[in-house]
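In: Sequence first, then the predicted structure:
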Amino acid sequence: MAFGATAATVVTFTFTLCVVSTLGQGLKSCEYDTDSCGCKTDQGLISLKQYGDKGLKYYDSSSSAEYNWNPCKDMTIGVVTAACIQAFPPTLSFDCGTHDSTSSAVKEGFATFHMAATIENRQSEVKCTCKSGEEEFKFVTEDPPGYYYLELASDACCPGGSAGGGGGGGSRGLSAGSYILIVFFSLLFVYLVAGVAVQVGLKHAEGRDRFPHVIYWMAVPGLIKDGFRFTFSWGKRPSYDEV
């Protein structure tokens, strides 16, 4: 039985991670906003204006490539002028997206920014993740060749966060509804896995009896039907003839 409980815990933890990954920050919309260099979401404004002066930079030691992104304007490195530039200092640099081509969308619950180069067939996508404290900008992968995935984890990526990077009101990560869904489905999963383990491991049940409280759940539709019938027939009961 201990093995069954351990297995249930592991499976539940994995399931919870999958739910969190699917929900992401729980965003449903992300309309690009030029003034804030970010986007307007259903949870509030994501403003990246604080990076307009300095931009963001990441050095990939495995490839010796330097990835630069300015969400507010084009910058110039070498002979290339763009908002996103892949550089191999001190000589090579490649356009991986201009500021004018920037668009935003929601992907797996997160705000993402997409850019395309003007000449070469190169594109870049930046995932914006809400994170309090120290920010992190990094290169994730290039797949297919010429399509760059980057990620910015920062307080600025929190809807309603301060444009100055000092925090502020607004949502932080998952919404309350997302947490409720995670808890509900996690508990439901634990109930099913643990219930089946008990029915099979201890009671050696077979068929539909392997599911916990199967008699009760089979009766639920009928109980609901009776409840509706009682509610809508209230006050319409047949009267008895007087004696």
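Out: Yep, that arrived.

In: Could you pick out the longest helix of this protein?
Out: helix 176-201 (DSSP state H).

In: how about low-confidence regions in this protein?
Out: 1-24, 161-176, 235-243 (pLDDT under 70).

In: in it, which spans are strands?
Out: Taking DSSP state E as the test, the strands found in the chain are 30-33, 38-41, 44-46, 56-60, 65-69, 75-77, 80-82, 84-88, 92-95, 103-107, 110-116, 123-130, 136-142, 147-154.

In: OK, contacts around the closest residue to residue 38 other than its chain neighbours?
Out: Nearest residue to residue 38, sequence neighbours excluded (Cβ to Cβ, 6 or more residues apart in numbering): residue 46, at 4.1 Å. Every residue, glycine included, has its C-beta placed from N, CA and C. Shown in contact with residue 46 (Cβ atoms under 8 Å, 6 or more residues apart in numbering): 30, 36, 38-40, 111, 128, 156-159, 161.

In: can I see the domain layout of this structure?
Out: Following automatic domain parsing, the chain resolves into domains at 2-11+178-232, 25-173.

In: okay, now residue 111: neighbour count?
Out: 29 (other Cβ atoms under 10 Å).

In: Looks like it contacts residue 157 (just checking).
Out: Yes. When contacts are counted by Cβ atoms under 8 Å, residue 111 is listed as touching residue 157 (6.7 Å).

In: Between the two, which contacts overlap?
Out: Listed contacts common to residue 111 and residue 157 are 46, 128; contacts here mean Cβ under 8 Å, 6+ apart.

In: And the residue nearest to residue 38, how close does it get to residue 215?
Out: 51 Å (Cβ to Cβ, to the nearest Å).

In: How many residues are close by the closest residue to residue 35 other than its chain neighbours?
Out: In this structure, residue 35 finds its nearest non-sequential neighbour in residue 49, 7.9 Å apart by Cβ to Cβ, 6+ apart. Counted with other Cβ under 10 Å, residues neighbouring residue 49 total 16.

In: Report the buried residues of the longest helix of the chain.
Out: 178, 181-182, 189-190, 193-199 (16 or more other Cβ atoms under 10 Å).

In: And stretch 200-220, by the same measure?
Out: Within stretch 200-220, the residues scored as buried using 16+ other Cβ under 10 Å are 205, 210, 212.

In: I'd like a version of these in CSV, one that adds distance to residue 138 as further columns.
Out: Formatted as CSV, those follow (distance: Cβ to Cβ, whole Å):
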residue, distance to residue 138
205, 51
210, 47
212, 45
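
In: Identify, from these, the entry nearest to residue 144.
Out: residue 210 (45.8 Å; Cβ to Cβ).

In: Please list all residues in contact with the spatially closest residue to the closest one that is not a sequence neighbour.
Out: Leaving aside its chain neighbours, residue 210 sits nearest to residue 199 (4.9 Å; criterion: Cβ to Cβ, 6+ apart). By Cβ under 8 Å, 6+ apart, the contact list for residue 199 reads 205, 209-212.

In: so, if you compare those residues, which one comes nearest to residue 115?
Out: Nearest member of the contacts of residue 199 to residue 115, counting by Cβ to Cβ, is residue 211, at 50.7 Å.

In: Just to check, the closest one is in contact with residue 198?
Out: No. Counting by Cβ under 8 Å, residue 211 does not reach residue 198; the two are 10.8 Å apart.

In: Select, out of the strands of the chain, the one closest to residue 224.
Out: strand 103-107 (35.6 Å).

In: ok, that closest one: who's next to it in the sheet?
Out: Strand 103-107 has its sheet partners listed here by DSSP bridges as strand 110-116 (antiparallel).

In: and the partner strand with strand 147-154, angle?
Out: Interaxial angle of strand 110-116 relative to strand 147-154 (axes from the mean of the first three to the mean of the last three Cα atoms, to 10 degrees): 140 degrees.
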